[in-house]
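[1] coords please:
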Amino acid sequence: MQYTSKYASPLGGIVLAADEIGLTGLWFEGQKYFAFNLDKENEEKELPVFEQARKWLDIYFSGNEPNFKVPLHFTGSTFQNEVWDLLFQIPYGQTVTYGAIAKQLAKKRGLERMSSQAVGGAVARNGISVIVPCHRVVGGNGSLTGYAGGIDKKIALLKLEKAYKDTFFVPRKSTVP
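    Coordinates of the predicted model:
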């Protein structure tokens, strides 16, 4: 059973989801793939993990790096979970490219190469936005692509972390899979 709660962020409403193991979802209201991995049967209920997530988000949105981890429970496919685990390891205030994640995953799996587009599809469906920092992934050419919460939020999050670079740009056509 999954449970939900809400959080009012400076960038808009957020819905949190969790089960007995940990946080399973964190979505900006109305984002692409909103609640895609949320059980149809769920109920609004306060859990300790929601208190932890709110505290983490309060610290984060105040412009500071939280110094603790919220218990997480990835509920995607094996491939998605592997990608999300790599996202979770991206340091605060830094960015990486889709290609770099693909190379990391290929190495981990003992493969010569991995598709950056496949990685992009998994990044776009990250169900625990912000805490699992998919906003820190950029195109190899500096393009700000693929953020399901919206490019405006991706830019705001990168600026909050002082990770935004003047060389970043928004492509004319969105690439969110």
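
[2] so Asp85 touches Phe74, yeah?
    Yes: using Cβ atoms under 8 Å, Asp85 is in contact with Phe74, at 7.2 Å. Every residue, glycine included, has its C-beta placed from N, CA and C.

[3] Which one's more surrounded, these two?
    Here Asp85 and Phe74 are compared on neighbour count by other Cβ atoms under 10 Å; more neighbours surround Phe74, at 22 against 14.

[4] which stretches of this structure aren't confidently modelled?
    Scanning the chain with the threshold set as pLDDT under 70 gives 173-177.

[5] tell me the domain ranges of it?
    2-61, 78-160 (automatic domain parsing).

[6] Save these as JSON lines, and put in distance to Phe169 too.
    Shown next, in JSON lines, are the domains of the chain (distance: least, Cβ to Cβ, whole Å):
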{"stretch": "domain 2-61", "distance to Phe169": "20"}
{"stretch": "domain 78-160", "distance to Phe169": "6"}
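
[7] Would you mind finding the most buried of these?
    Most buried of these by mean neighbour count (mean count of other Cβ atoms under 10 Å) is domain 78-160; its value is a mean of 18.

[8] Off-centre distance for it?
    How far domain 78-160 lies from its chain's middle: 8 Å, per Cα atoms, centre = their mean, to the nearest Å.

[9] end to end, how far does that domain reach?
    Separation of the first and last residues of domain 78-160 by Cα to Cα, to the nearest Å is 31 Å.

[10] State which helix of the chain is the longest.
    Taking DSSP state H as the criterion, the chain has its longest helix at helix 48-61.

[11] Quick check: chain neighbours aside, which residue is closest to Tyr98?
    Take Tyr98 and drop its neighbours on the chain: the residue closest to it by Cβ to Cβ, 6 or more residues apart in numbering is Ser116, 4.4 Å away.

[12] Surely the one you found and Val96 touch.
    No: taking Cβ under 8 Å as the definition, Ser116 is not a contact partner of Val96, at 11.6 Å.

[13] All set now, cheers.
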